[in-house]
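> structure here, sequence nowhere to be found:
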Ligand SMILES: C[S@@+](CC[C@H](N)C(=O)[O-])C[C@H]1O[C@@H](n2cnc3c(N)ncnc32)[C@H](O)[C@@H]1O
């Protein structure tokens, strides 16, 4: 019995040491990462055809628009732009990303498509008000280190006020009757002032929902209350 409980204590100790070392590793990596003014998600991970269910839904909502205008905010190296092009063959597509290297990769990759334009930007202030039929902000309004370290508060890396500001900026560009898609966020859109101008039109399923930790408007970790809304339609008035 004593041997067994000693072994358990040994395992707990090893787990605690592993967690501690993991936190130290993240903190060191965070300190070494160059600070970029206005950056949200620091990681550029992306995939081709990452959200087929969402793009299918968006197509159904925009089927009566012959030439939809779409914005991919945080388009990374362009997989999302390629997926949007295949879902919306007639669309005029704009990609923005804060990382110059990501935008350079998009330019090389998409040079032959003259209806896709890209730019380095940390917000959508340069885009016209009410100009997009759909704005996609996918895996951008989150900070990977919050989930990786199991942080109980978000404010040090990503405060709610920054989320509030970012969604207001994006919502400004959505035309009335148009759509805003937000996936993999650390906060609930419903807690922002902007949400009062939108109706929820798409819920992710349990499998489609992001694994990112969720925080409330006071930056406190929310446990056991998953948030499924990901698609929002801007009211006409
Ligand atoms: C994890 S990637 C997501 C890429 C793509 N949206 C997807 O879901 O596959 C996050 C991207 O957001 C970009 N990003 C972070 N903060 C940004 C900001 N303030 N403005 C524009 N892009 C930003 C990063 O540079 C990165 O390319």
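In hand now; what should we look at? From a predicted model like this one, the values you see are computed outputs, not experimental measurements.
> and the lengthiest strand in the chain, which strands flank it?
Counting by DSSP state E, the longest strand found in the chain is strand 174-183. Strand pairing for strand 174-183, determined by DSSP bridges: strand 132-138 (parallel), strand 229-234 (antiparallel).
> following it, which helix or strand comes up?
Where DSSP states H and E defines the elements, the next helix or strand beyond strand 174-183 is strand 198-203.
> just the residues contacting that next one, thanks.
Here strand 198-203 makes contact (CB atoms under 8 Å, 6 or more residues apart in numbering) with 54, 57, 61, 171, 179-181, 189-190, 228-235. C-beta: built from backbone N, CA, C; applies to glycine.
> parallel or antiparallel, list what pairs with that strand.
Assessed with DSSP bridges, strand 198-203 is paired to strand 229-234 (antiparallel).
> mean confidence (pLDDT) on the partner strand, please.
For strand 229-234, mean pLDDT is 98.
> could you list the buried residues of that strand?
Neighbour-count burial for strand 229-234 flags 229-234 (criterion: 16 or more other CB atoms under 10 Å).
> what's that strand in contact with?
54, 57-58, 61, 171, 174-183, 188-190, 195, 197-204, 208.
> cool, and stretch 11-22?
148-149.
> centre of the chain to that stretch, how far?
30 Å (CA atoms, centre = their mean, to the nearest Å).
> which parts of the longest strand of the chain are buried?
Here strand 174-183 shows 174-175, 178-183 as buried, counting by 16+ other CB under 10 Å.
> in the protein, mark out all the helices, start to finish.
With DSSP state H, the ranges of helices along the chain come out as 2-32, 52-61, 79-87, 100-109, 144-149, 160-173.
> now those helices in CSV, with mean neighbour count?
Below are the helices of the chain laid out as CSV (neighbours: other CB atoms under 10 Å):
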stretch, mean neighbour count
helix 2-32, 10
helix 52-61, 16
helix 79-87, 20
helix 100-109, 16
helix 144-149, 18
helix 160-173, 20
